[in-house]
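Participant: predicted structure and sequence below. I'll ask about it afterward.
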Amino acid sequence: MGSNTACVQPSLHYTVDSVWPIFVFADELSLRLNIIGLHSLVLRGGVPNQTVGTLEIVSPADMKNPIVTWERDKLRRTGKTGNFVFVEIGRRCKGGPGLVWLYTGVEQAQSLRETLHK
């Protein structure tokens, strides 16, 4: 039970780095977490020497309560194919391991991938 919640952290000690409008496609992980559809991807930077940054999927209607939160140091890798960006989530994160496929638009895909890779 503890391994699926190890990546969930409260957002009180983070600063918002960027917010991206995204469409999450149906795949095994997004189905398990019920995160399919239009959302916002919020990247938060951690407080130096205290916390790591997070990646959050949030509903545009409720930006204060993330649907899912992953610590950025638990993400395995990111990539880009055309207008799509994928994030490979590690097994210690909520929902377990898997890929999350995000559509961001033509201009935003490369920029989002570069931001995630930092």
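Facilitator: Thanks, I have it.
Participant: so L112 sits in a strand?
Facilitator: No: counting by DSSP: H, G, I helix; E, B strand; the rest coil, one finds L112 to be helix, located in no strand.
Participant: what sits opposite the most centrally placed residue in the chain in the beta ladder?
Facilitator: Centroid-nearest residue in the chain, with Cα atoms, centre = their mean: L55, separated by 3.8 Å. Applying DSSP bridges to L55 gives these bridge partners: L43, W70.
Participant: pull up the gap between it and A109, please.
Facilitator: Distance, L55 to A109, using Cβ to Cβ, to the nearest Å: 16 Å. Any C-beta I mention is one placed from the backbone N, CA and C, and that applies to glycine too.
Participant: got it, and G37?
Facilitator: From G37 to A109 the distance is 18 Å (Cβ to Cβ).
Participant: those two: who's more crowded?
Facilitator: Shown here are G37 and A109; by other Cβ atoms under 10 Å, A109 has more neighbours (18 against 12).
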